[in-house]
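A.B. asks: Sequence and computational prediction follow.
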Amino acid sequence: MKKRVLSIFMVVALLLTLLPTTALAYRDSDSLGYKLFSGWNTRHTQMIAETDTAILNGTVVKIGNTTLTRNSSSSTVKAAKESGISITPPAGYYVAEVIIACNDNGGFNCNTAAASNLITFGATSYESTTFHITPDELNQGAEAGKTVWHDGRGKPYWIMVRIVKSPDPVHVIYDAGEMKSVIGASTVLVTGGNDIAVDNSAGTASHAVLDMKDDYKTVTSGGKTYRFTGWKLEYYTTYQNGELSVFNSNSGIVQPRETIKLHLHAKLIAQWEEVTTYHVYYNANGGTGTMTDTKEYVTGDAITVKENTFTYDHKHFVKFTLDA
């Protein structure tokens with residue numbers, strides 16, 4: 001998982017304790033378990049902002065359909081493994097990372113930041129600000145080398161959540177992808193320009209995906225023809241001077257006029273497919289004259305058949321037949 005540059009964001013850490021047989025408690029932000037994980041001391045330095053309490057109060061953490069309440073016991077490890085965990089921060093923030101860690105000081109002695117004692121979840125999609133951890137993901141502790149889950153001992157587990165403030169404005173960058181060298185890196189692909197800044201002061205920004213200009217929907221490279229098929233959507237945490245960096249997630253292919261959420265900066269990369277080109281030839285079939293069609297067609301194009309100009313002595317033209 002790629003790490004984010006924390007210094008440019010307001011970052012808030014939440015802490016929950018997860019008990020195998022008793023309860024899950026949702027605690028205040030000043031109980032971060034620093035003493036449990038000495039390796040976290042420097043990593044979490046200066047991650048607490050003055051607005052912690054407000055952000056925490058606006059964050060909804062659920063196990064299945066059960067909403068957890070801060071500083072109270074309201075769920076169990078068993079329920080989490082069966083139903084999963086969802087975390088929804090307030091508008092203008094997103095969940096960047098979730099870590100579940102064993103906190104057993106007893107026989108397992110797993111209260112360290114060793115990789116075998118942690119399950120780390122990085123964001124994979126920002127189509128929604130709600131961060132989902134599935135039951136399958138929670139059960140990955142059974143993998144070789146993982147000793148996270150020790151059910152039945154009654155010892156707590158820590159759930160640490162990193163919440164980051166969304167950028168404002170957010171930028172949407174359109175990119176020609178594999179055809180950039182053919183079309184030109186500086187060529188404007190869509191109406192409004194390739195770099196569009198969107199106001200995100202309310203933390204709810206969105207963007208209606210634009211269509212590729214007609215001039216660039218079909219391009220030729222290396223003697224082959226390629227057709228534009230849509231945009232690959234990627235999210236990035238960092239924007240500077242027209243460039244996006246610190247890749248965060250890939251949310252699949254989107255089409256023009258679809259609306260995308262902008263909790264982070266977005267890059268829309270043109271996708272292309274090779275298409276077969278066709279030419280239409282007219283055969284006089286024994287007659288005389290010439291008929292030509294210089295247009296190049298691709299799969300799916302409609303062809304308008306020209307009116308006959310061939311002549312044939314003592315014969316009357318009936319129709320053209322197709323010989324593909």
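C.D. replies: It's in.

A.B. asks: Tell me the spacing between His132 and Lys81.
C.D. replies: Applying Cβ to Cβ, to the nearest Å, the value for His132 to Lys81 is 14 Å. Quick note: C-beta positions are derived from backbone N, CA and C, even for glycine.

A.B. asks: Quick check on those two: which one has the bigger neighbour count.
C.D. replies: Lys81 (19 against 16; other Cβ atoms under 10 Å).

A.B. asks: Give me the secondary structure label for that one.
C.D. replies: helix (DSSP: H, G, I helix; E, B strand; the rest coil).

A.B. asks: can I assume it is in contact with Leu138?
C.D. replies: Yes: counting by Cβ atoms under 8 Å, Lys81 does reach Leu138; the two are 5.2 Å apart.

A.B. asks: so where do the helices sit in the chain?
C.D. replies: Using DSSP state H, the helices of the chain run over 52-57, 77-83, 135-138, 180-183.

A.B. asks: list the buried ones in the last one?
C.D. replies: Yep, that's helix 180-183 we're talking about. Across helix 180-183, burial judged by 16 or more other Cβ atoms under 10 Å covers Ile183.

A.B. asks: Quick one: list the elements packing against that helix.
C.D. replies: Helix 180-183 sits against strand 218-221, with contacts defined as 3 or more Cβ pairs under 8 Å, 6 or more residues apart in numbering; DSSP states H and E.

A.B. asks: any idea which helix or strand of the chain has the worst average confidence?
C.D. replies: When the helices and strands of the chain are compared on mean pLDDT, DSSP states H and E, strand 24-27 comes out lowest with a mean of 38.

A.B. asks: pLDDT weak spots in the protein?
C.D. replies: For the chain, residues meeting the criterion pLDDT under 70 lie at 1-57, 69-74, 101-118, 123-127, 140-158, 324.

A.B. asks: Okay, domains of it per the record?
C.D. replies: 6-165, 170-275, 277-324 (automatic domain parsing).

A.B. asks: which ones are touching Phe131?
C.D. replies: Listed by Cβ atoms under 8 Å, 6 or more residues apart in numbering, the contact set of Phe131 reads 86-88, 94-95, 98, 121, 123, 161.

A.B. asks: what's the spacing between Ala266 and Tyr216?
C.D. replies: Distance of Ala266 to Tyr216, computed by Cβ to Cβ: 20 Å.

A.B. asks: neighbour-wise, which of those two wins?
C.D. replies: More crowded of Ala266 and Tyr216, by other Cβ under 10 Å: Ala266, with 27 against 18.

A.B. asks: Run a quick neighbour tally on the spatially closest residue to the more buried one that is not a sequence neighbour.
C.D. replies: In this structure, Ala266 finds its nearest non-sequential neighbour in Val172, 4.9 Å apart by Cβ to Cβ, 6 or more residues apart in numbering. By the measure other Cβ under 10 Å, the count of residues near Val172 is 25.

A.B. asks: That's all I had, so thanks and see you.
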